[in-house]
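[1] Kindly return the folded structure for what I paste below:
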Amino acid sequence: MKKEVKAIIAVVLAVWILVMGIEIGSLREKKKIAAANSTTTTTTTTPTTTQPATPITPNGSDIPGNATTTPSASASTTPSAPVVSTPADTVDVSTLSKEQIVAKVAESVNKVKSEQNMTAHKIENTTITLTSLSAEGLRSIINSVISNLAGDPEDITINVANGTATFPDGSTMPAREAIPPSNEATKDFSLTADGVANATAVKQGDNTVYTLTLVAEETTAASPIPTHNSKAIGYLNLMSFNDELPAGAQIVNATMKYPGSTVEVTVNPAGQVVRLACKLPMTGYGEAKLGFISGNANFEGANDEVWEFSY
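    All right, here's what the predicted structure looks like:
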């Protein structure tokens, strides 16, 4: 009987927390946002459009109400030389420093998070495999269960209108809170260069592809938030799911390792993000107990998201 109980605890750790955990966390965030929106009056501010200033000629003939007069002979009629600006896409991206690439990614991601009207196609896939289990003899069976529960990748189209993202099930939330990073209080991409192990920028046709590889991070039960991953993609806080577990089950210890997440952003010549790919590989260890019986499990997996945007 104890083996079966330990197996259940392992499934709670590996399946309920990791495979379902990311979705549970997302749902919990949506509930919090919905609750906040139901008690907060949202004021929509109409953007102010600044009209270009009316050019004024030396004799004031273009000022409303002034009569048109013939320029005096002494007035200069030589046209000014046109101002020529260098298009952004002519910059040799291979010369950009790590700091410049990180800044460009931050600018681009925060821009798409703030877009008011667009269509987003999202594919998200979460994988998990037990690498060790307190009830070791049942590991292969539980891995089979995990594989079946994981199912196919989520493949959905999200419509964004006036900054609000509408999902296929009819639920809504601000677009900036749906697009990664989506579990930080500010919801902004705020990764800095010290959290990046490698940064590249290459041309892909007319587009530019920026890729960041984050430094490895490890979290504990006492310190569950990875400094850099949380600012760029997200993270999984195992301890936060105690409230979601069946009665009597409790997570008593948890560690997570993020060996090297990546963020890839494709930007078109107009400066718009057309593709955002976030890969979050992870390994974890958790201990849980049910009454006086405890169990533990080690697992490895990943959460991958690909977003494609059209305007």
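[2] packing partners for the helix or strand hosting V274?
    Using DSSP states H and E, V274 sits in strand 273-290. Here strand 273-290 is seen to pack against helix 2-11, helix 98-113, strand 249-258, strand 262-267, strand 293-310 when contacts are counted using 3 or more Cβ pairs under 8 Å, 6 or more residues apart in numbering; DSSP states H and E. C-beta here means a position set from N, CA and C on the backbone, and glycine is covered the same way.
[3] Direction included, what does the shortest one pair up with?
    I take that to be strand 262-267. Within its sheet, strand 262-267 is paired with strand 207-214 (antiparallel), strand 273-290 (antiparallel), according to DSSP bridges.
[4] that older thread, quick one, which of the helices and strands packed on strand 273-290 is nearest to D155?
    strand 293-310 (9.8 Å; Cβ to Cβ).
[5] Buried ones in the closest one, by neighbour count?
    By 16 or more other Cβ atoms under 10 Å, the buried positions in strand 293-310 come out as 294-301, 303-309.
[6] what residue ranges in this protein score low on pLDDT?
    1-90, 149-150, 183-186, 244 (pLDDT under 70).
[7] what about 50?
    1, 15-27, 31, 38, 40-88 (pLDDT under 50).
[8] that older thread, got the angle for the strand holding V274 vs strand 293-310?
    For strand 273-290 against strand 293-310, the angle by axes from the mean of the first three to the mean of the last three Cα atoms, to 10 degrees is 170 degrees.
[9] Can I get strand 273-290 in CSV, CA atoms only?
    Taking Å, rounded to 0.1, in the frame of the first residue of the first chain, the C-alpha atoms of strand 273-290 are listed here in CSV:
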residue,chain,number,x,y,z
VAL,A,273,7.7,41.5,-34.1
VAL,A,274,6.5,38.7,-36.4
ARG,A,275,7.7,35.8,-34.4
LEU,A,276,8.6,35.2,-30.7
ALA,A,277,9.9,31.8,-29.6
CYS,A,278,10.6,31.1,-25.9
LYS,A,279,12.2,27.8,-24.8
LEU,A,280,12.3,27.1,-21.1
PRO,A,281,14.2,23.8,-20.4
MET,A,282,14.1,22.7,-16.7
THR,A,283,14.9,19.9,-14.3
GLY,A,284,13.4,19.6,-10.9
TYR,A,285,13.2,17.8,-7.6
GLY,A,286,10.3,17.7,-5.2
GLU,A,287,9.3,16.1,-1.9
ALA,A,288,5.7,15.8,-0.8
LYS,A,289,3.9,14.1,2.0
LEU,A,290,0.4,12.7,2.6
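[10] ok so, going back, using a markdown table, please lay out the strands paired with strand 262-267 together with distance to P174 and mean neighbour count.
    As requested, the strands paired with strand 262-267 are exported to a markdown table (distance: least, Cβ to Cβ, whole Å; neighbours: other Cβ atoms under 10 Å):
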| stretch | distance to P174 | mean neighbour count |
| --- | --- | --- |
| strand 207-214 | 24 | 20 |
| strand 273-290 | 17 | 20 |
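[11] Out of those, which gets nearest to G163?
    strand 273-290 (15.6 Å).
[12] Just want the angle from that closest one to strand 249-258.
    Using the same axes, to 10 degrees: strand 273-290 against strand 249-258 is 140 degrees.
[13] Let me know the angle separating strand 273-290 from helix 98-113.
    Relative orientation of strand 273-290 and helix 98-113, computed by the same axes, to 10 degrees: 90 degrees.
[14] who touches A178 in this structure?
    120, 158, 165 (Cβ atoms under 8 Å, 6 or more residues apart in numbering).
[15] Now, those residues that are in strands?
    Members of the contacts of A178 lying in strands (criterion: DSSP state E): 120, 158, 165.
[16] What sits closest to the first one if chain neighbours are left out?
    Spatial nearest neighbour of A120, excluding adjacent residues (Cβ to Cβ, 6 or more residues apart in numbering): I158 at 4.4 Å.
[17] what about the one you found, distance to N143?
    Distance, I158 to N143, by Cβ to Cβ, to the nearest Å: 32 Å.
[18] Kindly report the same for E177.
    In terms of Cβ to Cβ, E177 sits 34 Å off from N143.
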